[in-house]
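> pasting the sequence and the predicted model now:
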2 protein chains.
Amino acid sequence: MARWQSGARERLAAAALDLFATQGFDRTTVAEIAAAAGLTERTFFRYYADKPEVLFPGQEEFDALFLTGLEASNSARPMDLVAAALDHAATFFPDGRRAWSRNRRAVVMGTVALQERELHKMSALADALTSALVARDIDPIAAALAAEAGVSVFRRAFAAWVNDKETRPFADIQREVLHKLQVLLSTN
Amino acid sequence: MARWQSGARERLAAAALDLFATQGFDRTTVAEIAAAAGLTERTFFRYYADKPEVLFPGQEEFDALFLTGLEASNSARPMDLVAAALDHAATFFPDGRRAWSRNRRAVVMGTVALQERELHKMSALADALTSALVARDIDPIAAALAAEAGVSVFRRAFAAWVNDKETRPFADIQREVLHKLQVLLSTN
């Protein structure tokens, strides 16, 4: 029972991406996704709460990519903590994942329901980072601004990383984007 | 015909806010909102595309609050242009509107569908500001970062402005929040 389901989560995501890309998100049913992955609809719903969710990591898992980096830092400066969070998250986007991420992004950008889910995930991530910063005794408004700036940098870096001609590693792109933001906000 | 409908848009919004606050968003129908405003369901849909939309300004109208300020500025610096956009938008949140905004925010924060619509509006605003900055020959990544930073500042300022004990004008709060972001991102 356990054996044939190994990698079920990933197989469902791969089948869904394939179906969404060829026949569209709206025209694809959960039953079709499950069948294409050699699984049942019931198994689908053990891994994902609904159809849009199949292209996203779980919120806790996603937040943890960032929070682990933040928690490992001893800095008292909000943006240093956010930078540590971003650096840690970057390790989960190795070059081997870029092709998958490119295909996934094309589908997400073409589907309103998936764009909205992405906004929701990013907003929840910003909330999680804000809470972690507030737990470090950072002023709540500064914490929220720093967290949202971090999420904005991550999103821009991700968009650049999956660009057709881009070959640089995620971490390098992300540090450059963070630097751009610092230059933009410097007052002198 | 025209006369009894004057202010229909505002009456529908006020009726909806009242119903959402007392009986909940999910349990309120568009027909009930229209009836409470002394209008028909058909009239509701002339002003709003769906139920969540009734608590939001139209996207073009909302974006224009910011774009008008941006377009009036001659600066070549992205954050100066964003600051001009924020200052102009602040004029649409006079103290007389604070009580309404407080009640509206309480309902939005308690309803997932309304939170999601708000995220969508804010994301579309960031896109509109990004396009306006790109039209000024600003690098697209810098433009997106500046636009998202601006939206982040606006959202924090708005949340602070509707706080129970807050009495300062919107524009003052927003300038302070923008300054906080500048301090956070300054590297020295």
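Ah, there it is. Everything numeric here is computed off the predicted structure, so don't read it as measured data.

> going by C-alpha atoms from here, please, whenever you check contacts or count neighbours.
Will do.

> A:Ser152: which element?
helix A:140-161 (DSSP states H and E).

> near chain B, which residues of chain A?
Applying the criterion C-alpha under 8 Å from any C-alpha of the partner chain, the portion of chain A that neighbours chain B consists of A:78-79, A:116, A:119-120, A:141-142, A:144-146, A:148-149, A:152-153, A:156, A:177, A:180-182, A:184-187.

> which residues are contacting the helix holding A:Ser152?
The set of residues external to helix A:140-161 that reach it, using C-alpha atoms under 8 Å, 6 or more residues apart in numbering or on different chains, is A:78-79, A:82-83, A:86, A:98, A:122, A:125-127, A:129-131, A:133-134, A:166-170, A:173-174, A:177-178, A:181, B:141, B:144-145, B:148-149, B:152-153, B:156, B:177, B:180-181, B:184.

> in helices, which of those fall?
Counting by DSSP state H, those place A:78-79, A:82-83, A:86, A:98, A:122, A:125-127, A:129-131, A:133-134, A:170, A:173-174, A:177-178, A:181, B:141, B:144-145, B:148-149, B:152-153, B:156, B:177, B:180-181, B:184 in helices.

> let me see the contact set for A:Gln12.
In this structure residue A:12 is Leu, not Gln. Taking C-alpha under 8 Å, 6+ apart, we find A:Leu12 in contact with A:33-34, A:36-37, A:44, A:54.

> how much space separates A:Leu119 from A:Phe44?
Remark: distance between A:Leu119 and A:Phe44 (C-alpha to C-alpha, to the nearest Å) = 23 Å.

> the more surrounded of these two?
Regarding A:Leu119 and A:Phe44, a neighbour count based on other C-alpha atoms under 10 Å in any protein chain shown identifies A:Phe44 as having more, with 23 against 15.

> re earlier: buried sites along the helix holding A:Ser152?
A:141-158, A:160-161 (16 or more other C-alpha atoms under 10 Å in any protein chain shown).

> same thing with stretch A:165-173?
Neighbour-count burial for stretch A:165-173 flags A:170-171, A:173 (criterion: 16+ other C-alpha under 10 Å).

> need the contact partners of stretch A:175-186.
Applying C-alpha under 8 Å, 6+ apart, the external contacts of stretch A:175-186 come out as A:150, A:153, A:156-157, B:78-79, B:141-142, B:145-146, B:181-182, B:185-187.

> in what helix or strand does the residue most central in space within chain A lie?
Note on chain A: the residue nearest the mean C-alpha position is A:Phe62, at 6.2 Å, using C-alpha atoms, centre = their mean. Following DSSP H and E, the helix or strand that holds A:Phe62 is helix A:59-72.

> quick check: angle from that helix to helix A:140-161?
Between helix A:59-72 and helix A:140-161, the angle formed by their directions is 110 degrees, by axes from the mean of the first three to the mean of the last three C-alpha atoms, to 10 degrees.

> with just CA atoms, put helix A:59-72 into PDB.
Only the C-alpha atoms of helix A:59-72 are listed here, as PDB (Å, rounded to 0.1, in the frame of the first residue of the first chain):
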ATOM      1  CA  GLN A  59       2.100  26.800   3.500                       C
ATOM      2  CA  GLU A  60       4.000  25.500   6.600                       C
ATOM      3  CA  GLU A  61       6.600  23.800   4.500                       C
ATOM      4  CA  PHE A  62       7.000  26.900   2.300                       C
ATOM      5  CA  ASP A  63       7.200  29.300   5.300                       C
ATOM      6  CA  ALA A  64       9.800  27.000   6.900                       C
ATOM      7  CA  LEU A  65      12.200  27.500   3.900                       C
ATOM      8  CA  PHE A  66      12.500  31.100   5.000                       C
ATOM      9  CA  LEU A  67      12.000  30.800   8.800                       C
ATOM     10  CA  THR A  68      14.800  28.300   9.200                       C
ATOM     11  CA  GLY A  69      17.300  30.900   7.800                       C
ATOM     12  CA  LEU A  70      15.900  33.700   9.900                       C
ATOM     13  CA  GLU A  71      16.000  31.700  13.100                       C
ATOM     14  CA  ALA A  72      19.600  30.700  12.500                       C
END
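
> what residues of that helix count as buried?
Buried positions in helix A:59-72, judged by neighbour count with 16+ other C-alpha under 10 Å: A:62-67, A:69-71.

> tell me what that helix is packed against?
Under the contact criterion of 3 or more C-alpha pairs under 8 Å, 6 or more residues apart in numbering or on different chains; DSSP states H and E, helix A:59-72 touches helix A:78-90, helix A:112-134.

> pLDDT weak spots in chain A?
Low-confidence segments of chain A, defined by pLDDT under 70, span residues A:1-6, A:188.

> quick one: which of the buried residues of helix A:59-72 is nearest chain B?
Distance ranking of the buried residues of helix A:59-72 against chain B, using C-alpha to the nearest C-alpha, places A:Leu70 first at 16.2 Å.

> with just CA atoms, put stretch A:44-57 into CSV.
Output in CSV follows, covering the C-alpha atoms of stretch A:44-57 (Å, rounded to 0.1, in the frame of the first residue of the first chain):
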residue,chain,number,x,y,z
PHE,A,44,-5.4,13.4,-4.4
PHE,A,45,-7.4,14.9,-1.5
ARG,A,46,-5.1,13.3,1.0
TYR,A,47,-2.3,15.5,-0.3
TYR,A,48,-4.0,18.6,-1.6
ALA,A,49,-7.1,20.5,-0.3
ASP,A,50,-8.2,21.5,-3.7
LYS,A,51,-7.2,21.7,-7.4
PRO,A,52,-5.2,25.0,-7.3
GLU,A,53,-3.2,23.7,-4.3
VAL,A,54,-1.6,20.9,-6.4
LEU,A,55,0.9,23.4,-7.9
PHE,A,56,2.0,24.8,-4.5
PRO,A,57,4.0,23.6,-1.5
